[in-house]
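**Student:** Whatever this is, show me its structure:
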Amino acid sequence: MSDSSPVVVIGATGGQGGAVVDALLEAGFGVRALVRDAVSSKAATLAGRGVEIAVGDVVSGIGLADAFTGASGVFAMTTPFESGVSAEIAQGRALIEAATSASVPYLVFSSVASADRGTGVPHFDSKFEVEQMLAATDIRHTVVAPAYFYDNLLASSDALAAGVMPIAMPADKPLQQLSRRDLGRFVAGLFATPDDHVGERIEIASDQPTPNEMARIAGEVLGTRVIAESYDPERIPSPDMSAMFAFLGDRGYEVDIPALHARFPDVGWQSFANWAAEALHR
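**Tutor:** Prediction:
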């Protein structure tokens, strides 16, 4: 965008939003971060990097329209993991109302790959409902739909250290994934040329290793032997996560990775092996 107005980032202190902030700053954009607490340490760190801070709450919708006013664009995301899928849909409605009120010129909404394919995974379906609400408006927007994040592996760091990578899907089935870094770079690219992507829904993934391959690579980085240990997704207490892993182990994501990477080479798509070499420490 030629406009010097900032891009607003929802979830700027989290994983996805933080990666988008990093990439936007790297690309020379002004950034306005939406935070709940302006005096938190994370907000202070962002401010120290030259990021403008705006206080608002995507859950209640309070402060959103003010935060969006005067922005050149908005990176928006919703979450069901605090209060459920109904709350996620309400968040989407609040975002759309605020974007409409503030006449946001361009909005990028982060959904999830395969959300439009009737998977029956609760948070896939709720994100797609937000997509449909957005499509029914006049807001110029693009939907970016990432697959599984490499970073999810970090939750199993203790198990990895013990030589096991537990995962609720077959160990020999490819799992399409991406790094948060790649999501950030991809989104920054959308804001650089929004006219090229208005109305698109773009699914993204960086690589598709099997859990067996992931375990082998993790072991090489950690200097030990790691084995992928599959287990039944029905053992997962969360019905939402159980349904997601059942989907991943059966149909799985359907991102056309070669075509995606050929179309967007500037992202510099990060393989799982390259990500692991940086993210996993001995």
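**Student:** From now on I want contacts and neighbour counts done on CA atoms only, so please keep to that.
**Tutor:** Will do.
**Student:** Just the buried residues of the longest helix along the chain, please?
**Tutor:** Identified as the longest helix of the chain according to DSSP state H is helix 85-101. Within helix 85-101, the residues scored as buried using 16 or more other C-alpha atoms under 10 Å are 85, 87-100.
**Student:** Give the other helices and strands that that helix contacts.
**Tutor:** Packing contacts for helix 85-101, counted by 3 or more C-alpha pairs under 8 Å, 6 or more residues apart in numbering; DSSP states H and E, involve helix 64-68, helix 122-135.
**Student:** got the contact list for the residue lying closest to G92 once chain neighbours are set aside?
**Tutor:** Of all residues not flanking G92 in the chain, V130 sits nearest, at 5.4 Å (C-alpha to C-alpha, 6 or more residues apart in numbering). For V130, the contact set (C-alpha atoms under 8 Å, 6 or more residues apart in numbering) comprises I89, G92, R93.
**Student:** sorry, back to before: can you tell me which of the helices and strands packed on helix 85-101 is most buried?
**Tutor:** Across the helices and strands packed on helix 85-101, averaging neighbours per residue (mean count of other C-alpha atoms under 10 Å) puts helix 64-68 on top, at a mean of 22.
**Student:** about what we covered before: between the contacts of V130, which is nearest T193?
**Tutor:** Checking the contacts of V130 against T193 by C-alpha to C-alpha gives G92 as the nearest, at 24.1 Å.
**Student:** That closest one against P80, yeah?
**Tutor:** No - G92 lies out of contact with P80 (C-alpha atoms under 8 Å); the separation is 10.7 Å.
**Student:** Common neighbours of these two, please.
**Tutor:** Joint contacts of G92 and P80 (C-alpha under 8 Å, 6+ apart) do not exist.
**Student:** Would you mind naming the helix or strand containing L24?
**Tutor:** Using DSSP states H and E, L24 maps to helix 15-26.
**Student:** can you check R32 too?
**Tutor:** Short version, using DSSP H and E: R32 is in strand 31-35.
**Student:** From the rest of the structure, what touches that strand?
**Tutor:** Residues from elsewhere that reach strand 31-35, judged by C-alpha under 8 Å, 6+ apart: 6-13, 21, 24-25, 43, 46, 51-57, 67.
**Student:** So among those, which ones count as buried?
**Tutor:** By 16+ other C-alpha under 10 Å, the contacts of strand 31-35 give 6-13, 21, 24, 43, 46, 51-57, 67 as buried.
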